[in-house]
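Undergrad: After the sequence you'll find the predicted model.
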Amino acid sequence: MAKKILKKVLKNKKATSIKKEKEIVKEKEKKLVNVVVNGEKVKEDKKYNLTIGIKDLFDAGCHLGHKISKTHPKARTNIYVAKDGIEIINLEKTIKSLETACNFIYNARRNGKSICLLGTKRQAKEVIRRVALDAGVPYVTERWLGGTITNWDQIKKNIKRLKDLKEGFEKDKFIENTKKEQSEMKKEIARLERIVGGLEKADKLFDILFVVDAGFEKTAIKEAVLRKIKTVAITDTDCNPSVVDFAIPSNEDNVKAVNIIVEEIGRAIKSA
């Protein structure tokens, strides 16, 4: 009788153990799927390790926010303290948010998702262009053209027209055109370069939009939300971080602060 009871207990223990193991595996599988991008799951099965730390962010001035009077109520959770009327950003939250954003971008790229970098502020133009060209992704550094996302078909036509004109001059296709016609076409190339030049590498509408200053680029953010495009953005203390999917609290008026974050995003893209 005792043997039967012992056998039953051991059998139950084994069944419970197997059940627990299955539950652990299921839980791990759930954790692997972090977000859904355009209806498809992005699995975070690999971790991106940041190449910078809190000290680097501090040295770059990422902790310096705006005046207290300009603080957005929803940005208060990212503020460490106010000093001399200036909000000081909690860099522990910045580094954690940057790591989360980089991991998302890194794994999304590994899953074949495309990303566009946006920064039309004077402080962001140079680094956005440099990082995007280095990583081989589309970018926008001039004025954001309203409808870039919501009216993508028209933008695609402009990109095609730009490519055709440039190719035409490279292959001497317009050699029989008059000088006036060639001059007009060159002017058109210059105009199209300004508005869609950075998007030439975009064969289709991108899945992720990285933005320097979500408040400054609010039109682009609104369009991305309408088309369910994931947004990653640098948000200062005067900006609502909840308008984007991945907010990185940091100074976005200082060139060094913008550079250090954009360059880390670029490294995450290239690592993928």
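TA: Structure's in. What do you need?

Undergrad: going forward, measure contacts and count neighbours with C-alpha atoms only.
TA: Noted.

Undergrad: Output the below-cut-off pLDDT ranges for the stretch 1-150 of the chain.
TA: 1-45 (pLDDT under 70).

Undergrad: Helices of that one, start to end?
TA: In chain order, the stretch 1-150 of the chain shows helices spanning 2-32, 54-59, 91-110, 122-135, with DSSP state H, counting those that start in this stretch as the criterion.

Undergrad: Now the residue most central in space within the chain. Its backbone dihedrals?
TA: Averaging the C-alpha coordinates of the chain gives a centre point, and the residue nearest to it by C-alpha atoms, centre = their mean is residue 210 (2.9 Å). For residue 210, the backbone dihedrals (degrees, to the nearest 10) come out as phi -100, psi 130.

Undergrad: pretty sure it is touching residue 231, no?
TA: Yes. Here residue 210 lies in contact with residue 231, judged by C-alpha atoms under 8 Å, at a distance of 6.0 Å.

Undergrad: circling back: beta-bridge partners for the residue nearest to the centre of the chain, please?
TA: Beta-bridge pairing of residue 210 under DSSP bridges involves residue 117, residue 232.

Undergrad: quick one: residue 152 from residue 224, how far?
TA: Residue 152 sits 11 Å away from residue 224, going by C-alpha to C-alpha, to the nearest Å.

Undergrad: Same check on residue 74?
TA: For residue 74 relative to residue 224 (C-alpha to C-alpha), the value is 21 Å.

Undergrad: Could you check which of the two has the larger neighbour count?
TA: For residue 74 versus residue 224, the count of surrounding residues by other C-alpha atoms under 10 Å is larger for residue 224: 21 against 13.

Undergrad: Which residue ranges of this protein form strands?
TA: When secondary structure is read from DSSP state E, the chain shows strands at 33-37, 40-43, 64-67, 79-83, 86-89, 115-118, 139-140, 208-212, 230-235, 246-249.

Undergrad: Serialize the ones you listed to JSON lines and add fields for distance to residue 192.
TA: Rendered in JSON lines, the data for those read as follows (distance: least, C-alpha to C-alpha, whole Å):
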{"stretch": "strand 33-37", "distance to residue 192": "30"}
{"stretch": "strand 40-43", "distance to residue 192": "33"}
{"stretch": "strand 64-67", "distance to residue 192": "36"}
{"stretch": "strand 79-83", "distance to residue 192": "41"}
{"stretch": "strand 86-89", "distance to residue 192": "39"}
{"stretch": "strand 115-118", "distance to residue 192": "17"}
{"stretch": "strand 139-140", "distance to residue 192": "12"}
{"stretch": "strand 208-212", "distance to residue 192": "21"}
{"stretch": "strand 230-235", "distance to residue 192": "25"}
{"stretch": "strand 246-249", "distance to residue 192": "31"}
